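**Student:** Whatever this is, show me its structure:
(one chain, ligands or ions: 1)
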Amino acid sequence: MTPSRRRKKKSSSSKAGPARRRRPDRSRSTIPSRTAAGRAPTPTGQIQIDLGALRRNASALNSLIGPACELLAVVKADGYGHGMIEVARAGLAGGATRLGVTTVAEGLALREAGLGCPILVMGVMDEAEAPDAVTHRLTPVICRDSQLEALTKAVRTTTRKPAAIHLKADTGMGRLGLPPEECLSLLERARLAPELRVEGIMTHFAEADAAESAYTAEQLDRFRALLNRIAPNRPERVPFIAHAANSAALLTRPESRLQMVRAGLALYGLLPSPSCRGIVELEPVMRWTTRIAHVRRLPAGRSLGYGRTFTTKRPSLIGLLPVGYASGYSRLLSNQAFCLHAGGRAPVVGRISMDLTMIDLTGHPMAQIGDEVVLLGQQERDRVTAEELAAWAQTIPYEITCSAGSRTARRYVESPMTGRRG
Ligand SMILES: Cc1ncc(COP(=O)(O)O)c(C=O)c1O
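**Tutor:** Numbering: from 1, shown residues only. Alright, predicted model coming up:
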């Protein structure tokens, strides 16, 4: 993938009121001793999350889908590694009307943080979690009868108000959901229960990011056929929120947007595939930096690190970074990735180990201990993208942000609009 050259992104840290006492400002800068993600403060780096960018991404997606369609912000998995609560707030501020999580526990964490909007629990709700789901007005996605029964019972013993549910049809993903015919009969049973209110019906695409594939259109056809059975000849009038599209589908297949879209990756300023380029301008939200912990001058012919997978070909300046695969910098990036130092690219050399990564700074003779190194994001005129890291590590950008800086402190900032890309 060609490195993209971009204008320098000016970031201003968020407003922090004048501190009277010497207490850490925890309002915006998250450097707690323990967080939901179990991150402890380390001197080894920083994850910077640009909430301004996230809000603008939500707003751009909202404009794209138009007023007839709702935007659900997918904030599961700790907001794809960006911090669930903070990105949820920013997504809602940008126009999302609902949030999507995987587990009841994630939904409860959002409620505890004071978020009152509808929250869709898209994973498998355990029947034992039904009372919590009902009490805290979470909206589970249903895929079996025992969940209906558990929810009905929970409503009777707690709120006594109908609980909203969404049903999931499997139109070809082959993972969660019921085949359309069984989904219809589950719908009939759900509609008979006064304790339940069927609010939505959904499906999920298996390869919406594959531009040439006909499979997504086939899945959408199957989903439309199901809606047609519910509201014959007027599927757009189905009395539920019908939703199918993830980021790739909402960007590349407008016909799949229906009444609501569920946007994850695009919200974080990333694209599921090159076919999604040029549709809407999005800004990457995450920046991951570290500092040079040590430098060494080595002669030519010296092997580096475990397995001796790299040998210096010339007298070399080698920098040691205090991050490794335990911090989420994948071992698969060994001898593959580049990071940024002083605005230029420096290659990762040798095996990435648990806590240390070596980079070749021979082309950066002024490099010093303490210098900033960017693992992900912009520095001066260059940017390492999550998509690039994903290609180097033979994975997808989702996995990059989910694991990035897994033991690194997060800092939340609000930047002016400068880092756009389409
Ligand atoms: C059911 C469901 N909908 C929507 C999404 C969001 O997908 P994306 O991040 O590609 O927008 C996910 C994410 O995996 C999902 O599981």
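**Student:** Just the buried residues of the helix or strand hosting residue 218, please?
**Tutor:** Following DSSP states H and E, the helix or strand that holds residue 218 is helix 215-230. Buried residues in helix 215-230, defined by neighbour count with 16 or more other C-beta atoms under 10 Å: 216, 219, 220, 222, 223, 224, 226, 227, 230. Every residue, glycine included, has its C-beta placed from N, CA and C.
**Student:** what residues does it touch?
**Tutor:** Taking contacts as C-beta atoms under 8 Å, 6 or more residues apart in numbering, the residues outside helix 215-230 that touch it are 169, 171-173, 180, 183-184, 187, 201, 203, 205-208, 210, 235, 238-240, 242, 244, 249, 253, 255-256.
**Student:** what's the following helix or strand after that helix?
**Tutor:** Heading towards the C-terminus - elements assigned by DSSP H and E - helix 215-230 is followed by strand 241-245.
**Student:** That following strand vs the ligand: in contact?
**Tutor:** No: remark: strand 241-245 sits outside contact range of the ligand, by C-beta under 6 Å from any ligand atom, the gap being at least 8.1 Å.
**Student:** Could I get the average pLDDT for the helix or strand following that strand?
**Tutor:** Toward the C-terminal end, the helix or strand that comes next after strand 241-245 (DSSP H and E) is helix 247-252. Per-region confidence: helix 247-252 scores 97 on mean pLDDT.
**Student:** How about helix 247-252 and the ligand, any contact?
**Tutor:** Yes: using C-beta under 6 Å from any ligand atom, we find that helix 247-252 touches the ligand at 247, 248.
**Student:** Other residues contacting that helix?
**Tutor:** For helix 247-252, contacts defined as C-beta under 8 Å, 6+ apart pick out 61, 64-65, 205, 208-209, 211, 216, 256-257, 261, 263-267, 271-273, 275-276, 279-280.
**Student:** If we use 7 Å, what do you get?
**Tutor:** Counting by C-beta atoms under 7 Å, 6 or more residues apart in numbering, the neighbours of helix 247-252 from elsewhere in the structure are 65, 205, 208-209, 211, 216, 256-257, 261, 263-266, 272-273, 275-276, 279-280.
**Student:** near the ligand too, which of those?
**Tutor:** Taking C-beta under 6 Å from any ligand atom as the test, the ligand is in contact with 263, 264, 265, 266, 272 out of those.
**Student:** Among those, which one has the most neighbours?
**Tutor:** Across those, the neighbour count under other C-beta atoms under 10 Å reaches its highest value at residue 263, namely 27 neighbours.
**Student:** Across the sheet, point out what pairs with that one.
**Tutor:** The residues listed as beta-bridge partners of residue 263 by DSSP bridges are residue 73.
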